[in-house]
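Undergrad: dropping a prediction and its sequence here:
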Amino acid sequence: MVTFKELGLVNSRKMFSEAMAGKYAIPAFNFNNLEQLQAIIMACVETKSPVILQVSNGARKYANANLLKNMAKGAVEYAHELGVDIPIVLHLDHGDSFELCQSCIESGFSSVMIDGSHLPYEENIALTKKVVQYAHSHDITVEGELGVLAGIEDERSAQSHTYTRPEEVEDFVSRTNVDSLAISIGTSHGAFKFKVKSGEAIPPLRFDILEEVSRRLPGFPIVLHGASSVPQAIVAQINQYGGKLENAAGVPEDQLRKAAQSAVCKINIDSDGRLAMTAAVRKVLAENPSEFDPRKYLGPAREQLKELYKHKIINVLGSLNRV
Ligand code: G3H
Ligand code: 13P
Ligand code: ZN
């Protein structure tokens with residue numbers, strides 16, 4: 001067992017209370033490899049932003065749990081070397097069992113999500129409560145979820161949203177003792193969030209649900225999943241250099257900016273990073289067909305990713321200069 005404190009990480013408690021008071025949201029960026037991690041740390045150091053490094057079960061299988069633990073430790077040291085000791089959380093994204101959460105906690109994670117949102121309500125409560133009891137005994141913070149997002153998350157997918165029912169949130173939070181709650185207000189995972197044709201308006205998020213949830217849970221940190229904006233310039237770059245992404249659409253940035261100023265303290269972004277990297281790699285390889293040094297295409301991909309993250313921090317989340 002290695003504790004998150006030994007790795008130089010923090011849990012999300014202080015981060016969320018500061019985000020709530022300052023009316024901004026903490027970036028939760030997913031990573032699976034070295035270049036994504038480098039881009040996240042460089043962007044957050046340059047903007048002096050706290051950060052949540054997010055790892056899905058799939059990412060853990062892809063990258064190896066041991067390597068990830070040491071990468072997180074390395075990230076703390078790398079930020080220090082770059083000159084700013086930003087607070088860093090290592091968070092399990094969409095944990096689906098007690099055993100997975102336990103394994104992550106034992107290998108240095110400082111925060112876990114237990115996603116029982118697909119289960120019947122009482123089963124979600126029982127599972128979440130069990131994870132919270134174990135996690136809190138190790139000073140680890142826990143995110144729960146009520147309501148189901150449409151789209152694909154890890155190995156699960158749902159055809160349509162089941163919006164969070166505000167009348168359940170007080171009971172859920174008081175019986176489970178979770179530290180934060182992910183809710184479903186119309187966002188979804190992936191790069192095809194809305195079935196709209198080009199020129200058609202994207203349906204607005206259900207801010208009425210968010211407001212009712214925060215009225216019932218004053219000062220309680222809310223989490224927004226599926227918050228990529230799918231920047232059309234990046235989609236165009238992918239398509240220009242041989243890709244084929246049709247009708248890709250995301251959550252407009254102005255809606256996320258509004259959410260970040262409310263009780264939403266954590267905003268999850270994965271797909272936008274995937275798109276940015278893919279666009280850069282495609283451009284390099286299309287323009288230099290004889291290139292075969294991975295540093296020559298992953299380097300520009302890392303650069304494009306860093307710029308994307310800085311843009312999110314400065315113009316969407318508001319977590320700039322909060323360290
Ligand atoms: O919500 C899902 C995240 O984007 C992680 O995706 O399971 O493909 O790593 P993944
Ligand atoms: P996106 O697919 O919108 O980036 O959402 C990521 C996410 O919610 C990770 O948990
Ligand atoms: Zn998610």
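TA: Done, it's in. Ligands and ions are numbered 1, 2, ... in the order given.
Undergrad: which residue ranges form the helices in the stretch 101-250 of the chain?
TA: 121-136, 166-176, 207-216, 232-240 (DSSP state H, counting those that start in this stretch).
Undergrad: which residues in the stretch 1-150 of the chain form strands?
TA: Counting by DSSP state E, counting those that start in this stretch, the stretch 1-150 of the chain has strands at residues 26-30, 51-56, 88-95, 111-114, 141-146.
Undergrad: winner for burial among those strands?
TA: With neighbours defined as mean count of other Cβ atoms under 10 Å, these peak in mean count at strand 111-114, which reaches a mean of 28. Quick note: C-beta positions are derived from backbone N, CA and C, even for glycine.
Undergrad: what packs against that one?
TA: In this structure, strand 111-114 packs against strand 88-95, helix 98-106, helix 121-136, strand 141-146, with contacts taken as 3 or more Cβ pairs under 8 Å, 6 or more residues apart in numbering; DSSP states H and E.
Undergrad: what score does the residue of the chain positioned farthest from its centre have for pLDDT?
TA: The C-alpha centroid of the chain is most remote from Ser290, which lies 35.5 Å away (Cα atoms, centre = their mean). pLDDT recorded at Ser290 is 98.
Undergrad: in a strand, it, correct?
TA: No. Assessed with DSSP: H, G, I helix; E, B strand; the rest coil, Ser290 is coil; it does not lie in a strand.
Undergrad: I'd like to know how far it sits from ligand 1.
TA: Taking Cβ to the nearest ligand atom, to the nearest Å as the measure, Ser290 falls 32 Å from ligand 1.
Undergrad: who's in contact with that residue?
TA: If you count contacts by Cβ atoms under 8 Å, 6 or more residues apart in numbering, Ser290 has none.
Undergrad: before we move on, the earlier item: of the helices of the stretch 101-250 of the chain, which approaches Gln304 most closely?
TA: Shortest distance between Gln304 and the helices of the stretch 101-250 of the chain, using Cβ to Cβ, is found for helix 232-240: 8.1 Å.
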